[in-house]
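S.K.: This is the structure alone, sequence omitted:
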Ligand SMILES: C[S@@+](CC[C@H](N)C(=O)[O-])C[C@H]1O[C@@H](n2cnc3c(N)ncnc32)[C@H](O)[C@@H]1O
Ligand SMILES: C[S@@+](CC[C@H](N)C(=O)[O-])C[C@H]1O[C@@H](n2cnc3c(N)ncnc32)[C@H](O)[C@@H]1O
């Protein structure tokens, strides 16, 4: 482990946001999950919450390659369970979903604790994610196709969250709980 | 063709931006090209310029499915040729590439005629795209992985271009040249 590598790990951990989370609602395609994880890593999201069955989970672990390591993935059996746990820990639940009550993604406040729920390629967000969300959020579309790829939509939303959190100074001081910081540092600095 | 469908086509064409273009610099993976095209469609980009060899092109046409139809794809043999043609038609050339001279993607003016060059998954932007660019643009990264997926990076940049062009009123009136508007309308309204 070179000093540069250790500095890089520290810098990343110093910027990780414990209260900006992504929920993958029954997204089964490994390559979509991999793309989400890569985007989470880039935008300082420390935790991804995945709702899926065991089979999906196994398939995914095989294909994420490098980026899997940098984002802690929590699995949940049901969307309701994932949302309940995140709400209990103080997160506002925002589902990326086109609906009557959807707000433009730029009009949302991402500086509060927030969990963004992304839906699956074919079915979109499930009924629980739709019903139990505090807000729906949408990236305005101007084309013939109805939706973006899930990882593109997530990247756009997280880039806006980054912008707001930069402005609010949320990257200026380490924010991960001490024990999480230490255990990630330990794990990441293993060869 | 229902009246709703015709209205949808008109609305899309009314918002298409002839002077916001994307260049795919030797991006060979069909699924990356498909994702770029889907994102272009969503953000009112009428033209994608692809630099590749004939084989790549054939493979790609087979897999884009639906969204291919909504974005005109121009192929170029070399990056220099693509950049030259776009510059001749008045576009500023901006390559998405991490370098010393890269500017934050939010600090760029996207309301002028602009072509955004995206690099390939493994090698990134080629030397010509790097050398001949007026600017390099970067999405700030905060994680362990060095880069985003090309379609995620493109989606983030185009979302910012959309924001600026909305503010500048560039979606308020049709902007495509009459002949392009008419020929696209004709093609798109075929069953
Ligand atoms: C391919 S889309 C799902 C489309 C699905 N047919 C539907 O009707 O919802 C996959 C997921 O990406 C996210 N997504 C795609 N485009 C979006 C947009 N414009 N705004 C917000 N989220 C979007 C949503 O979470 C969606 O569930
Ligand atoms: C996976 S990246 C290429 C990484 C390649 N190893 C390199 O060193 O350039 C594919 C393309 O996506 C775009 N891209 C990825 N991350 C980006 C970022 N943070 N800012 C701007 N463009 C990015 C660039 O156009 C890049 O060439």
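M.R.: On my side now, so go ahead. Keep in mind it's a predicted model, so treat the numbers as computed, not measured. Numbers count the residues shown, from 1 in each chain, chains lettered A, B, ... in the order given. Ligands and ions are numbered 1, 2, ... in the order given.

S.K.: gap between the nearest residue to residue A:163 once chain neighbours are set aside and ligand 1?
M.R.: Using Cβ to Cβ, 6 or more residues apart in numbering or on different chains and skipping the chain neighbours, the partner closest in space to residue A:163 is residue B:106 (7.1 Å). For glycine as for every other residue, the C-beta is placed from the backbone atoms N, C-alpha and C. In this structure, residue B:106 and ligand 1 are 20 Å apart, going by Cβ to the nearest ligand atom, to the nearest Å.

S.K.: same deal with residue A:13?
M.R.: Here the criterion is Cβ to the nearest ligand atom. By it, residue A:13 lies 28 Å from ligand 1.

S.K.: what about that residue, helix or strand, and which?
M.R.: Per DSSP states H and E, residue A:13 falls inside helix A:3-15.

S.K.: what's the answer for residue A:48, then?
M.R.: Assigning secondary structure by DSSP H and E places residue A:48 in strand A:47-51.

S.K.: per-residue pLDDT, the closest residue to residue A:187 other than its chain neighbours?
M.R.: Sequence neighbours aside, residue A:69 is the residue nearest to residue A:187 in space, at 8.0 Å (criterion: Cβ to Cβ, 6+ apart). Among the per-residue scores, residue A:69 holds a pLDDT of 89.

S.K.: Show me the contact partners of stretch A:116-126.
M.R.: Among residues not part of stretch A:116-126, those counted as contacts by Cβ atoms under 8 Å, 6 or more residues apart in numbering or on different chains are A:20-29, A:32, A:36, A:79, A:83, A:93-97, A:129, A:133, A:137, A:147, A:149-150, A:153-154, A:157-158, A:161.

S.K.: tell me the average confidence for it?
M.R.: Confidence for stretch A:116-126, expressed as mean pLDDT, is 94.

S.K.: from the chain's centre, how far out does it sit?
M.R.: Taking the mean of its C-alpha atoms, stretch A:116-126 sits 13 Å from the chain's own mean (Cα atoms, centre = their mean, to the nearest Å).

S.K.: what bits of chain A have low per-residue confidence?
M.R.: A:53-66 (pLDDT under 70).

S.K.: can you do 90?
M.R.: A:1, A:28-33, A:52-69, A:121-122, A:190-191 (pLDDT under 90).

S.K.: how about the helices of it, start to end?
M.R.: Remark: helices assigned in chain A by DSSP state H are A:3-15, A:30-42, A:54-63, A:79-88, A:127-131, A:150-167, A:178-188.

S.K.: Turn these into TSV, including distance to residue B:182.
M.R.: As requested, the helices of chain A are arranged in TSV below (distance: least, Cβ to Cβ, whole Å):
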stretch	distance to residue B:182
helix A:3-15	51
helix A:30-42	38
helix A:54-63	46
helix A:79-88	47
helix A:127-131	40
helix A:150-167	30
helix A:178-188	57
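
S.K.: can you list those in TSV and add mean neighbour count and distance to ligand 2?
M.R.: Output for the helices of chain A, formatted as TSV (neighbours: other Cβ atoms under 10 Å in any protein chain shown; distance: least, Cβ to the nearest ligand atom, whole Å):
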stretch	mean neighbour count	distance to ligand 2
helix A:3-15	15	15
helix A:30-42	24	7
helix A:54-63	13	17
helix A:79-88	18	28
helix A:127-131	17	29
helix A:150-167	23	10
helix A:178-188	13	21
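
S.K.: center of chain A - which residue?
M.R.: Among the residues of chain A, the one closest to the centroid is residue A:22, at 2.3 Å (Cα atoms, centre = their mean).

S.K.: That one against residue A:154, yeah?
M.R.: Yes. With contact taken as Cβ atoms under 8 Å, residue A:22 and residue A:154 are classed as touching, separated by 6.5 Å.

S.K.: Which residues are in contact with each of those two?
M.R.: A:36, A:116, A:118.

S.K.: which among those residues gets closest to ligand 1?
M.R.: Ligand 1 lies nearest to residue A:118 out of the shared contacts of residue A:22 and residue A:154, by Cβ to the nearest ligand atom, at 4.3 Å.

S.K.: Give the bridge partners for the closest one, please.
M.R.: According to DSSP bridges, the partner residues bridging residue A:118 are residue A:24.

S.K.: Around it, count how many other residues there are.
M.R.: Residue A:118 is flanked by 24 other residues according to other Cβ atoms under 10 Å in any protein chain shown.

S.K.: Would you mind measuring from it to residue A:45?
M.R.: Relative to residue A:45, residue A:118 is positioned 12 Å away (Cβ to Cβ, to the nearest Å).

S.K.: Pretty sure residue A:136 sits against residue A:104.
M.R.: No. Residue A:136 is beyond contact range of residue A:104, at 10.8 Å (criterion: Cβ under 8 Å).

S.K.: wait, the residue nearest to residue A:163 sits on residue A:160?
M.R.: No. At 10.5 Å, residue B:106 does not count as touching residue A:160 under the criterion of Cβ under 8 Å.

S.K.: and the gap between residue A:160 and ligand 1?
M.R.: 12 Å.

S.K.: ugh, wrong one, residue A:190
M.R.: Per Cβ to the nearest ligand atom, residue A:190 is found 34 Å from ligand 1.

S.K.: ok, now residue A:123?
M.R.: Using Cβ to the nearest ligand atom, which is the criterion applied here, residue A:123 is 6 Å from ligand 1.

S.K.: returning to what we had before: quickly check: the helix holding residue A:13 near chain B or not.
M.R.: Yes. For helix A:3-15 and chain B, the contact criterion (Cβ under 8 Å from any Cβ of the partner chain) is met by A:8, A:9, A:12, A:15.
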